[in-house]
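Visitor: can't give you the sequence, but here's the structure:
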Ligand SMILES: Cc1cc2nc3c(=O)[nH]c(=O)nc-3n(C[C@H](O)[C@H](O)[C@H](O)COP(=O)(O)OP(=O)(O)OC[C@H]3O[C@@H](n4cnc5c(N)ncnc54)[C@H](O)[C@@H]3O)c2cc1C
Ligand SMILES: Cc1cc2nc3c(=O)[nH]c(=O)nc-3n(C[C@H](O)[C@H](O)[C@H](O)COP(=O)(O)OP(=O)(O)OC[C@H]3O[C@@H](n4cnc5c(N)ncnc54)[C@H](O)[C@@H]3O)c2cc1C
Ligand SMILES: Cc1cc2nc3c(=O)[nH]c(=O)nc-3n(C[C@H](O)[C@H](O)[C@H](O)COP(=O)(O)O)c2cc1C
Ligand SMILES: Cc1cc2nc3c(=O)[nH]c(=O)nc-3n(C[C@H](O)[C@H](O)[C@H](O)COP(=O)(O)O)c2cc1C
Ligand code: FES
Ligand code: FES
């Protein structure tokens, strides 16, 4: 059940580079599933006009009888809204809508979950890695970025016993190159009961989708899109499905099987 | 010399009812004259869109070698901008333009200065009362308002040895009735070298102007108007002069001799 | 206590004058998590065409100062699916009226839609969209060309069996003229405004933001423009007017009513604040009650002139 | 380093493409406390009429979401006082061009103003204001009626001795059509947009906010609308276009240049931030330099299509 409500900023944690974590009261009555997101208004005035979508990074359970629990978001400063969010003092009340969207699906027979993340795309995998259903599953996170500061979430994932491998384009951390290089390595081992979960820049996800489909491995992609509402009514956030129709990233997504999407995987998008 | 600059909010002081005082760094190089105002942006985002004009209530000199001095404004919460200003945490940076407008003129032969203020219109009189040129002048402040909480600035004025008399329409403080009743009393004594200085709601100032002109007493009025720029270029803030032309409240004013204005004093505006 | 918020609109009883605007509330069932849509005076559906339409390629939206551009391109399920799949829910909302916004490529489409929608149980009001700036074919021309406007409205008015409301385009030199033409051609009511044609470009990529290049501007940015148009049209026609454009809260809605609109539609506000409409209804009630206005009908058109 | 910001505009050398918009910068001397007006590419004066005008009764302005309405009503000192009292300062700004915005009640006024202003030393460009929504007489009709537009532009073009720029009204169905008419009638350049007609009402007093009832909307709210119009006009005419409407910063200005404007005017931004223009010039330079664009001329019209 979606709610439109308010939350209070508890603290802000600098994560290096242009990344930061916002911890706020979890105002939602419904449990948040991994892959779901919220629409957050980083300012109390009408500027910027629209809320911004952010993946749920982590949820902390209520502590104490009246505790509300905490909701954490990992945010990269890229424009007006995120820059404002980076300046909010603790105690700020913010408008928030959530939990939104279709979460990751976790198959019963999943044996090895590989998270392929680019930059801030790592955000949903902390909460996914923490999922009860994944406790006895081997979890590997492949994180890529331009430079070291773009490799986020490593400590958070390792704390959850996830195997983390990293790659940077400038070689400043982990392997030199793109995250897809790490993925090809994993696929050579061909682990059993494998599924890919990917989130990051569009070209990266297209490449991941292609690799997955070539290898015949199931792959779920968490997409981004410009959103006006976040809950399915504006039809602004669509992406083309393989059947030619448009599907809403905020409602049918943000998580899609790669095989559902026209421009991810298959023969599409070979331009990368 | 006007400046467009930034200032930092130092503290906010509740003054009862919907009144509060904002203390900020005085960012201006030029001395601020009594009656001048500033244009203040109460928010860092573009909403509300325009700055708001506020009279200078008090200026504190720099203390210590690097001190900037302080600028104080007395603000009444009436709408969006003032409501936002009331919530700003100390430390907030605000855009500010000033000092603006024509100040009160202080005649050499002034013996008794009577300030006639309505509500937040008392704001400019604290800084006027503190003026060097007025030190040896008898200063009387007549302050009116609807109820007790609307009578502001009394302690500030008394601290400057100003004689303060008050009137409220509901009788909750001072005389019951309008501030003009207090004015009529003063005029019966007909003190020597008298001049009126008035600021407050339009109907009040119109009445004061009329009384002054009937009694042949000079009177300066500090007007309000909706302003877009505050420094003379938009021509939005005009008021009709007695010669039929329009004069800018932000540039030729906000302080005008009552005799200059078409709708204040003289035979005009008898509707009150 | 209790302010009477109900109003008669073109012979239809509205329990309150707040309706969801077309294209911003789906087919009525998408926002039930946030509030009971049965609280609304009415719901205008996404624009329906004879056949389903996929709409425009993304990017479809761009944020602007106090507003947004959209180039959805009338993405909709098509008439048959609408009647079969979407009407049942709308019909279930007893005293919340259903306004079906519809759109054609040519006069024949409009006429057929009018005819077929008139027969659908539960359709209270037809809203003819001749003003969508986001589709390449006919649509927009009907809204900006006087002759075509007259023709399409006359043709539909002749076959309507429920009241026909014409939704006017603001992208014209003289909207009052268009309003009069629609009235004379037989419209039972008018709604305005649709979105204003606008554009966004990105200096980083040196390209258009929207795939469609142009989009329709909505939200608070357009409120002063919409309010002027609603004001002028209300003074020029005798049929009722539904006003919209940038309404965020009760005060905004009361402004449109003050200048003469008999009801309002609320669009973009619901994206920013999903509960804007129920809060607005409540706020209107409180405001009118505090001012001693017994019925919203007394407020409508009561601007001092 | 060093980006060449200079540009040729209708045969006039602009040292940079940022000009103060008419009605928002007085006669050039009011904002010297904030910055040296000689930094600007040019200054468009408040609209000048043959005789001085007092303008409209207050209230003249109303704030709106990301914008403002004004109903100043062309309050100005009149031609003679302008030439005698205001031109000396403008003339003293060596390489900042003087654009005289002017306004008449009838064709004869426009012609006389064109003739007389052509002879004034230091006037570089005439900007014909046929689009002010805030005066009751002729002005606005010239901007929205095709025949009158053709007539007034032809008449003035015939007597001009400095380049004549026609400032178009956005309150039309098809601004491209108006642009072509002005071009064919002999305009040397176009500027757009003037303000959009809007209204504000106050629910507390149940009355109009502006004494003039309607006013012109300016500021960021209109930027997407203005940008679309400038884009379309630039593709339709061969004479240079000066773009404006809601420009606040370098990025906004670069957007207008990107869609084809050869220069921009900045209005309302100066009220909100008196140093917006010099900051914008600096910001444009930095942006272009970072992108390796050597000359602003290379940026103009370089939108990927
Ligand atoms: C489901 C979902 C989950 C997300 N989760 C996260 C998260 O966990 N952490 C995080 O940091 N970000 C996340 N994002 C992205 C985030 O929403 C954007 O970075 C944010 O909206 C940017 O807002 P802004 O005001 O800072 O930037 P803006 O000023 O709005 O934009 C900055 C620049 O980015 C471009 N831009 C903005 N949004 C998009 C877009 N959706 N697609 C392409 N270009 C765009 C703009 O054109 C502009 O050039 C998510 C997005 C979606 C849809
Ligand atoms: C020279 C000058 C000095 C001033 N000094 C002070 C001061 O020291 N302290 C102080 O509290 N206020 C002062 N004011 C008034 C102050 O500027 C306004 O109260 C403020 O702009 C309101 O902003 P807001 O956003 O809170 O209200 P808004 O939301 O803008 O307006 C609230 C209501 O007031 C109306 N309104 C707003 N401004 C005006 C106006 N100028 N005239 C008539 N109606 C108006 C609006 O229509 C609305 O109904 C001064 C004004 C001027 C011109
Ligand atoms: C995303 C979106 C989709 C829209 N779709 C339609 C539509 O299908 N038919 C229509 O007549 N108007 C459509 N509109 C216009 C709205 O109904 C309304 O006229 C306009 O948005 C102005 O109101 P607002 O400012 O409250 O949003 C749409 C508007 C938006 C923002
Ligand atoms: C207060 C004010 C006065 C104006 N006066 C004039 C004028 O005299 N002549 C004119 O052609 N345009 C006038 N304009 C319009 C501006 O020049 C400009 O076209 C418009 O404001 C859009 O630009 P902006 O959004 O940057 O302000 C005026 C605008 C404002 C806000
Ligand atoms: S963001 Fe509105 S439908 Fe997805
Ligand atoms: S406020 Fe702009 S001229 Fe006075």
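Guide: In hand now; what should we look at? No experiment lies behind these values; they were computed from the predicted model shown. Ligands and ions are numbered 1, 2, ... in the order given.
Visitor: all strands of the stretch 1-150 of chain A, in order?
Guide: With strands called from DSSP state E, counting those that start in this stretch, the stretch 1-150 of chain A shows them at A:3-14, A:19-25, A:37-40, A:52-55, A:58-60, A:70-76, A:93-100, A:112-118, A:138-145.
Visitor: Of all those strands, which one is nearest chain B?
Guide: strand A:93-100 (10.3 Å; Cβ to the nearest Cβ). Glycine gets a C-beta too; all of them are placed from N, C-alpha and C.
Visitor: Which positions within the closest one qualify as buried?
Guide: A:94, A:95, A:96, A:97, A:98, A:99, A:100 (16 or more other Cβ atoms under 10 Å in any protein chain shown).
Visitor: Of those residues, just say which sits nearest to chain C.
Guide: Proximity to chain C was ranked across these by Cβ to the nearest Cβ; first place goes to residue A:97, at 6.3 Å.
Visitor: thought residue A:232 was touching residue A:251?
Guide: Yes: the criterion here is Cβ atoms under 8 Å, and residue A:232 meets it with residue A:251 at 3.8 Å.
Visitor: For residue A:184, what are phi and psi?
Guide: phi -60, psi -40 (degrees, to the nearest 10).
Visitor: Count the neighbours of the residue nearest to it when sequence neighbours are not counted for me.
Guide: Closest residue in space to residue A:184, ignoring its immediate chain neighbours: residue A:211 at 7.1 Å, by Cβ to Cβ, 6 or more residues apart in numbering or on different chains. Counted with other Cβ atoms under 10 Å in any protein chain shown, the neighbours of residue A:211 add up to 20.
Visitor: ok, residue 118 - contacts?
Guide: No chain specified, so I'll use chain A. A:143, A:144, A:145, A:179, A:199, A:200, A:201, A:204, A:205 (Cβ atoms under 8 Å, 6 or more residues apart in numbering or on different chains).
Visitor: you looked at the wrong chain, it should be chain C
Guide: C:126, C:159, C:160, C:161, C:162 are the contacts of residue C:118 under Cβ under 8 Å, 6+ apart.
Visitor: Please, which helix or strand holds the residue nearest to the second one when sequence neighbours are not counted?
Guide: By the measure of Cβ to Cβ, 6+ apart, the closest residue to residue C:159 outside its immediate chain neighbours is residue C:115, 4.8 Å from it. Using DSSP states H and E, residue C:115 falls within helix C:107-118.
Visitor: one step back: per-residue confidence for the residue nearest to residue C:159?
Guide: On pLDDT, residue C:115 comes in at 97.
Visitor: Can you report how many residues lie near it?
Guide: For residue C:115, the neighbour count with other Cβ under 10 Å is 14.
Visitor: what do you get for residue A:190?
Guide: That count, for residue A:190 with other Cβ under 10 Å as the rule, works out to 10.
Visitor: ok, now residue C:80?
Guide: Here the count is done by other Cβ under 10 Å, and residue C:80 has 13 residues near it.
Visitor: Distance-wise, check it relative to residue A:245.
Guide: 16 Å (Cβ to Cβ, to the nearest Å).
Visitor: State the helix or strand in which residue A:236 lies.
Guide: Element membership for residue A:236, per DSSP H and E: none, as it lies in no helix or strand.
Visitor: Measure how buried it is and give me the count.
Guide: Residue A:236 sits with 29 neighbouring residues when counted by other Cβ under 10 Å.
Visitor: The residue nearest to it when sequence neighbours are not counted bridge partners, please.
Guide: On the basis of Cβ to Cβ, 6+ apart, the spatially nearest residue to residue A:236 that is not a chain neighbour turns out to be residue C:61, at 3.7 Å. Note on residue C:61: beta-bridge partners by DSSP bridges are residue C:70.
Visitor: show me the residues around residue 175 that make contact.
Guide: No chain specified, so I'll use chain A. Applying Cβ under 8 Å, 6+ apart, the residues contacting residue A:175 are A:165, A:166, A:167, A:168, A:181, A:182.
Visitor: Oops, wrong one, chain C.
Guide: Taking Cβ under 8 Å, 6+ apart, one finds C:168, C:169, C:192, C:193, C:229, C:232, C:233 in contact with residue C:175.
Visitor: tally of neighbours for the one residue in chain A that gets nearest to ligand 4?
Guide: Among all residues of chain A, residue A:47 sits closest to ligand 4, at 16.4 Å; criterion: Cβ to the nearest ligand atom. Neighbour count for residue A:47, taken as other Cβ under 10 Å: 20.
Visitor: Pretty sure it sits against residue C:66.
Guide: Yes: the pair residue A:47 / residue C:66 is scored as a contact, 7.3 Å apart, by Cβ under 8 Å.
Visitor: can you pull the pLDDT of residue 64?
Guide: As the question left the chain open, I've gone with chain A. On pLDDT, residue A:64 comes in at 68.
Visitor: Chain C was what I was after
Guide: Residue C:64 carries a pLDDT value of 97.
Visitor: again with the one 10 residues further on
Guide: Turning to residue C:74, the model gives it a pLDDT of 85.
Visitor: same question, residue C:137
Guide: 53.
Visitor: Residue A:268 too?
Guide: Looking at residue A:268, the pLDDT reads 51.
Visitor: neighbours of residue 214, just the number please.
Guide: No chain was given, so I picked chain A. Counted with other Cβ under 10 Å, residue A:214 comes out at 11.
Visitor: hmm, I had chain C in mind actually
Guide: Count around residue C:214 with other Cβ under 10 Å applied: 20.
Visitor: which phi and psi does it have?
Guide: According to degrees, to the nearest 10, residue C:214 has phi -110, psi 160.
Visitor: same check, this time on residue A:240
Guide: phi -80, psi 130.
Visitor: Please name the residues that touch it.
Guide: A:246, A:247, A:261, A:262, A:263, C:57, C:58.
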